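> Sharing a model prediction with you, sequence too.
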Amino acid sequence: MDQKFKKFGCVGVLMGGYSSERDVSLRSGKAILEALVAAGCDAKGVDIVSNDERVITKQIQDEKIDLAFIALHGRLGEDGQIQKILEELAISYTGSGVQASQLSLNKVLSHMIFTQNGIKSPDYISLHQGDDFSADEIIKKLGGLFPLVVKPACEGSSIGVYFAVSKEALIGAIESSWSFGDQVLIERFIRGRELTVGILGDSCLPVIEIRPKRDFFDYTAKYQKGLTDYLIPAPIPEDVAVKVQQLALSAHKALGCADVSRVDVMLDQNNNAYVLEINTIPGFTETSLLPKAARQSGMDFQSLCLRLTEMAYGKSGKEN
């Protein structure tokens, strides 16, 4: 172990989990663990498989970790649950706290807060499972144009996202979304360029443009190699890039996020920017978007992992 990292104690990289993003989480966690070990940290992987809070608590206690690097995507990791467990165990952790995590994962709540803070986001309607709804009324309220974007309120990695191109497709997409949770968000589709902005500390990383080779940036385009191009920095005018970064940072702060996030933004044909959502625990393999943006700004993957570990340690109140 490198002595300069001794202060961290044992770093547990929490990965896996029980959400639909388990496989993505395992890839992120393994990459982080390898980076921390290679840097000389005392680190171990903690694969969480239970969905029982008491079992998870005991597993973390048994691992005897001093600091947690959270690589749990989706439920458990991004809904505030693991943060609450770690706080009860007095273990410092990377990233946002309980409330910010809850608000960010729930796309309906985050959209409400964006609106309250004057942050542009697409017009939307939310439904709970069992609600009566009129597809015609939804289409009318969202501008009368297709496609419409249908997504579960509390999922990530584009899981369960549908692009409905007709009334019949909209009804089918809403019904399919119930398998991912009891609340669904239907958004007006913003036609334009898809961008993403990584936040590290209180600073923005370079803007990335996402160019799928399919009609839409869905799960397949996101995870099947070769189906999407990522342009870093995004080929947009500097003043537009600054505007997008400022919007992303405003969204990050409005939800109370800390240390790291990735903010997804749509830029329409008139260069109006709209926040789609915030990922408080973005993908963390060496080829994931936030690490790519960090590399563009001069920070390699290992340095990024160490920076976030240092941030978590700084919040712990521990002494060397």
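Looks like it arrived, so ask away. Numbering: from 1, shown residues only.

> wait, isn't residue 282 in contact with residue 290?
Yes: with contact defined as CB atoms under 8 Å, residue 282 reaches residue 290; the gap is 4.7 Å. No exception for glycine: its C-beta is placed from N, CA and C like everyone else's.

> what touches both of the two?
198, 260, 262 (CB atoms under 8 Å, 6 or more residues apart in numbering).

> Pairing partners for the last one in the sheet, please.
According to DSSP bridges, the residues that bridge with residue 262 are residue 198, residue 279.

> My read is that it contacts residue 278, right?
Yes: with contact defined as CB under 8 Å, residue 262 counts as touching residue 278 (7.4 Å).

> So for these two, which sits in the more crowded spot?
Using other CB atoms under 10 Å as the criterion, residue 262 and residue 278 rank with residue 278 on top: 27 against 24.

> Let me know the distance separating the more buried one from residue 185.
14 Å (CB to CB, to the nearest Å).

> Residue 57 now?
Remark: distance between residue 57 and residue 185 (CB to CB) = 31 Å.

> more crowded one of the two?
Neighbour count, other CB under 10 Å: between residue 57 and residue 185, residue 185 has more, with 23 against 16.

> beta partners for the more buried one?
Taking DSSP bridges as the rule, residue 185 bridges to residue 126, residue 151.

> so what's it scoring on pLDDT?
We have a pLDDT of 93 for residue 185.

> check contacts around it.
By CB under 8 Å, 6+ apart, residue 185 lies in contact with 107-108, 111, 124-126, 150-153.

> so where is this protein shaky, pLDDT-wise?
For the chain, residues meeting the criterion pLDDT under 70 lie at 1, 155-159, 214-227, 316-320.

> Quick check: the gap between the residue nearest to the spatial centre of it and residue 77.
In the chain, the centroid-proximal residue (CA atoms, centre = their mean) is residue 279; its distance is 1.8 Å. Separation of residue 279 from residue 77 (CB to CB): 11 Å.

> A helix includes residue 145, no?
No: if the criterion is DSSP: H, G, I helix; E, B strand; the rest coil, then residue 145 is coil and not within a helix.

> Can you list phi and psi of it for me?
Phi and psi for residue 145, reported as degrees, to the nearest 10, are phi -120, psi 150.
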